[in-house]
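Q: with the sequence up front, the predicted model follows.
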Amino acid sequence: MTAFLEVKNLSVRFETKDGPFLAVDDVSFELARGEILALVGESGSGKSMTSLAMMRLLPETATASGDIRIDGADVLALGRRAMEDVRGARVGMIFQEPMTSLNPVLTIARQMTEGLVRHRRISQSEATIRALAALADVGIAEPDRVMRQYPHQLSGGMRQRVMIAAALTLDPGALIADEPTTALDVTVQAQVLDLLVDLKNRLGSGILLITHDIGVVAETADRVAVMRAGRIVEMGNVEAVLSAPRHSYTKGLLASHLTLDRVMTKRGSRPPRLTEKAGAV
Ligand SMILES: Nc1ncnc2c1ncn2[C@@H]1O[C@H](COP(=O)(O)OP(=O)(O)OP(=O)(O)O)[C@@H](O)[C@H]1O
């Protein structure tokens, strides 16, 4: 498998009044097309800073060092224009709260076609056809109607589907999904996760899935990298890591949230399902 995204020895450093602080500390991983790699860890472990560094979207006070390759391109050395092309056109981004990325005063049609016209230099009518197809691809039953609507007229789950569809119109090799289901209720959360797995299988995109929820990892990911205090402390196939975690931090993550009920039993291609412990919050 050739990696579409490659991160080698990535560090992200903040200069603070108490001195330098490493939010990401010597992190390395790869993501191939057609796989879901979950980056899991508690709040503050450095997951978002890792993905922002990959897109060169870090806050100004942060500096990244190391080697980041996206489809072979050396991200830290790219010019501004080339970087804009990587963002969106080669790697799509999906965030926790679609309202932060969707423009409230523009119709869905406008937002879904803008990037296409800019990045792909195609006509408005061709862009509209692609946008409609992408909405259908993410399971939206009446794409025509949704295209005429504004973000606030859609439910949270629909907005997240629209965000995913917008990312897909550019046919990126990979998606970075940062806590894509955290703001959704449980049923819709499961639908969006199923959609990500379906897209991976059908379209062959690689997905870097950032989450604090080990249950989401078990349901969705092929491989997992566990982060703690800026470092990857454990990485491997989901089944292997969750059924026999080596690091005490991973054991703690599992024990504090969930009990495994299927990991040790035979399973098909789906990752193990986790059940919440009775009384757990
Ligand atoms: N502007 C900043 N200045 C200094 N430190 C920062 C800044 N922004 C983030 N950090 C620190 O960087 C570390 C990593 O943050 P990051 O947002 O990547 O964590 P995370 O794992 O994504 O957590 P969450 O799930 O809460 O987003 C944290 O300790 C955070 O406090």
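A: That came in fine, so what should we check first? Numbers count the residues shown, from 1 in each chain.
Q: mind checking what secondary structure V24 has?
A: Per DSSP: H, G, I helix; E, B strand; the rest coil, the secondary structure class of V24 is strand.
Q: which ones are touching it?
A: By C-beta atoms under 8 Å, 6 or more residues apart in numbering, the contact set of V24 is 10-12, 46, 49-50, 53, 64, 230. The C-beta positions use only the backbone N, C-alpha and C, and glycine is treated the same way.
Q: intersect the residues you listed with the contacts of the ligand.
A: Restricting these to those near the ligand by C-beta under 6 Å from any ligand atom leaves 46, 49.
Q: out of the contacts of V24, which comes closest to the ligand?
A: Closest approach between the contacts of V24 and the ligand, by C-beta to the nearest ligand atom: M49, at 3.4 Å.
Q: how close does the most centrally placed residue in the chain get to L132?
A: The centre of the chain sits closest to A177, judged by C-alpha atoms, centre = their mean, with a distance of 1.7 Å. Separation of A177 from L132 (C-beta to C-beta, to the nearest Å): 23 Å.
Q: please name the nearest non-neighbouring residue to T61.
A: Nearest residue to T61, sequence neighbours excluded (C-beta to C-beta, 6 or more residues apart in numbering): F14, at 5.7 Å.
Q: how about the contacts made by I70?
A: 4-6, 54, 86, 90-91, 173-174 are the contacts of I70 under C-beta under 8 Å, 6+ apart.
Q: let me fix that: R56
A: 64, 75-76, 78, 83, 87.
Q: looking at the stretch 151-281 of the chain, which residue is nearest the ligand?
A: H212 (5.3 Å).
Q: right, and that residue touches G46 too?
A: No: between H212 and G46 there is no contact, the gap being 11.9 Å when judged by C-beta atoms under 8 Å.
Q: contacting residues around F14?
A: Applying C-beta under 8 Å, 6+ apart, we find F14 in contact with 20-21, 23, 61-62.
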